[in-house]
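> no FASTA, just this:
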């Protein structure tokens, strides 16, 4: 069991401006997502700038959706601290809020570029997994999204008093749910990249993501120690996970067996 872990919510300062580890890891996650799209776009000879355009719209909508969901869930605090709403560098994002708004942005982007939605969804989804995975490392360094007491489990970590879990659970080992989720997401990213060129129909890779990530998130919610928004015996994230998993099953069953082919590069 790890008795203590070094936490670095603030990495360094530049001209008196504190640079938060959460913001740095989020930026690295965005970069990893963009590089994934660039790599896939080059393999398929997509137009120049396609990956960066897609990244701008999906990442912007993802940030906005994630932040809006978090602010809504914590409105009792933000209504008295309106200027704090834009401080995403310190943490405070709800993933599923960003995921749903990014799906809307993807539909609009597909229509603008006259591409089938499921074809574009397959292209886009691997980058989400790696970006999300690196972002969870930022959560760990920031001390947010922490786990519940781990008891005698070997994976328990003790947080220092500079972060919220260290103050609330002084000297008590907690499950490192952020790192567990990060590892799972990186594995999912690799699986999706392997499946993408081998898919038999459009939407299959997106559906595969819905079959892989939501069960991980559902299970890890039982290990979370931070305050959760609940709905009867399940929390909101678990209810959303169930809905997305069922959507993945339906997509696999009912999506037509067709695959869009890009026109040859002239």
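Yep, it's here. Since the structure is predicted, the reported quantities are computational estimates derived from the model, not experimental observations.
> quick one: the strands in the stretch 1-150 of the chain?
10-14, 17-20 (DSSP state E, counting those that start in this stretch).
> and the longest one, what's its mean pLDDT?
Spelled out, it's strand 10-14. Average pLDDT, strand 10-14: 69.
> same thing with the last one?
Mean pLDDT, strand 17-20: 73.
> repeat for stretch 43-57
Stretch 43-57 shows a mean pLDDT of 90.
> for it, report the contacting residues that lie outside it.
Stretch 43-57 is contacted from outside by 30, 33-34, 37-38, 40-41, 105-106, 108-109, 113, 120, 123-124, 127, 197, 262, 264-265, using C-beta atoms under 8 Å, 6 or more residues apart in numbering. Where C-beta positions appear, they are placed from N, C-alpha and C, glycine not excepted.
> report the buried members of these.
30, 33-34, 37-38, 40-41, 105-106, 109, 120, 123-124, 127 (16 or more other C-beta atoms under 10 Å).
> how about JSON lines for the strands of the stretch 1-150 of the chain, with distance to residue 154 added?
Shown next, in JSON lines, are these (distance: least, C-beta to C-beta, whole Å):
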{"stretch": "strand 10-14", "distance to residue 154": "29"}
{"stretch": "strand 17-20", "distance to residue 154": "30"}
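> buried deepest among those strands, which one?
strand 17-20 (a mean of 13; mean count of other C-beta atoms under 10 Å).
> mind listing the strands it pairs with, and their directions?
Each strand paired with strand 17-20, and its direction, by DSSP bridges: strand 10-14 (antiparallel).
> look at residue 6 and report its pLDDT.
pLDDT, the model's per-residue confidence, is 60 for residue 6.
> in stretch 235-250, which residues are buried?
For stretch 235-250, a neighbour-count test (16+ other C-beta under 10 Å) marks 235, 236, 237, 238, 239, 240, 241, 244, 245, 248 as buried.
> pull the distance from it to the chain's centre.
Centre-to-centre, stretch 235-250 and its host chain are 15 Å apart (C-alpha atoms, centre = their mean, to the nearest Å).
> the contacts of stretch 43-57 in helices, which ones?
Judged by DSSP state H, helices contain the following of these: 30, 33-34, 37-38, 40-41, 105-106, 108-109, 120, 123-124, 127.
> of these, which is the nearest to residue 87?
Nearest to residue 87 out of the ones in helices among the contacts of stretch 43-57 is residue 30 (C-beta to C-beta; 17.5 Å).
> skipping its backbone neighbours, what lies nearest that closest one in space?
Counting by C-beta to C-beta, 6 or more residues apart in numbering, residue 59 is the residue found nearest to residue 30 once chain neighbours are left out, at 5.5 Å.
> burial of that neighbour, as a residue count?
Residue 59 has 21 neighbouring residues, counting by other C-beta atoms under 10 Å.
> what's near enough to touch it?
The contact partners of residue 59, taken as C-beta under 8 Å, 6+ apart, are 30, 33, 102, 131.
> please apply the same query to residue 28.
Counting by C-beta under 8 Å, 6+ apart, residue 28 makes contact with residue 134.
> how much space separates it from residue 136?
Distance, residue 28 to residue 136, by C-beta to C-beta, to the nearest Å: 12 Å.
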